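Asker: how does the following fold in three dimensions:
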Amino acid sequence: MGEGTNCNGKLADQNSEEERQMQKVCKRCKAEFAASSNTQTSCRFHPSFFVCRRHDDQKRYYELGPTDPPYAAKFYDCCGAEDTEAPGCTTSFHISYDDE
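Answerer: Sure thing, here's the model as predicted:
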């Protein structure tokens with residue numbers, strides 16, 4: 001094997017390292033993303049917290065666990081989704097920890 005092979009291998013390693021360094025982690029959805037492919041619909045997240053409290057809207061009935069007090073409801077405050085694994089209700093650009 002000649003020097004070109006070693007040099008090409010080194011360049012390939014450098015390229016993959018550069019690609020890895022270009023990947024960022026989103027603060028909202030925790031997904032890895034490349035800034036070059038970040039669009040207005042890339043990130044899906046809940047802009048509010050998952051809460052456990054009485055909901056002001058008494059028209060809805062919430063499924064409570066056996067140990068929950070009768071007045072407690074668990075849901076995302078932004079959209080009312082009752083599952084912690086519910087897909088986000090809002091989309092926007094990813095925001096990196098490096099963006100501050």
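Asker: spatially nearest residue to residue 95, not counting backbone neighbours?
Answerer: Nearest residue to residue 95 in three dimensions, chain neighbours excluded: residue 27, at 5.1 Å (CB to CB, 6 or more residues apart in numbering). From N, CA and C alone the C-beta is placed, and that goes for glycine too.
Asker: relative to residue 73, how far out is that neighbour?
Answerer: Look at residue 27 and residue 73: by CB to CB, to the nearest Å, they are 27 Å apart.
Asker: so if I had to pick from the two, which one is more boxed in?
Answerer: Between residue 27 and residue 73, counting by other CB atoms under 10 Å, residue 73 is the more crowded of the two (20 against 15).
Asker: tell me if I'm right that the more buried one and residue 81 touch.
Answerer: No: under the criterion of CB atoms under 8 Å, residue 73 makes no contact with residue 81, lying 11.6 Å away.
Asker: which stretches of the protein form strands?
Answerer: Secondary structure of the chain (DSSP state E): strands at 23-25, 32-34, 43-45, 50-53, 73-76, 90-92.
Asker: enumerate every residue touching the residue nearest to residue 95.
Answerer: Residue 27 sits next to 95, 96, 97 when contact means CB atoms under 8 Å, 6 or more residues apart in numbering.
Asker: what's the distance between the first one and residue 30?
Answerer: Noted for residue 95: a distance of 11 Å to residue 30, by CB to CB.
Asker: re earlier: could you export the contacts of residue 27 as JSON lines, including pLDDT and distance to residue 77?
Answerer: Shown next, in JSON lines, are the contacts of residue 27 (pLDDT from 0 to 100; distance: CB to CB, whole Å):
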{"residue": "95", "pLDDT": "95", "distance to residue 77": "20"}
{"residue": "96", "pLDDT": "94", "distance to residue 77": "25"}
{"residue": "97", "pLDDT": "89", "distance to residue 77": "24"}
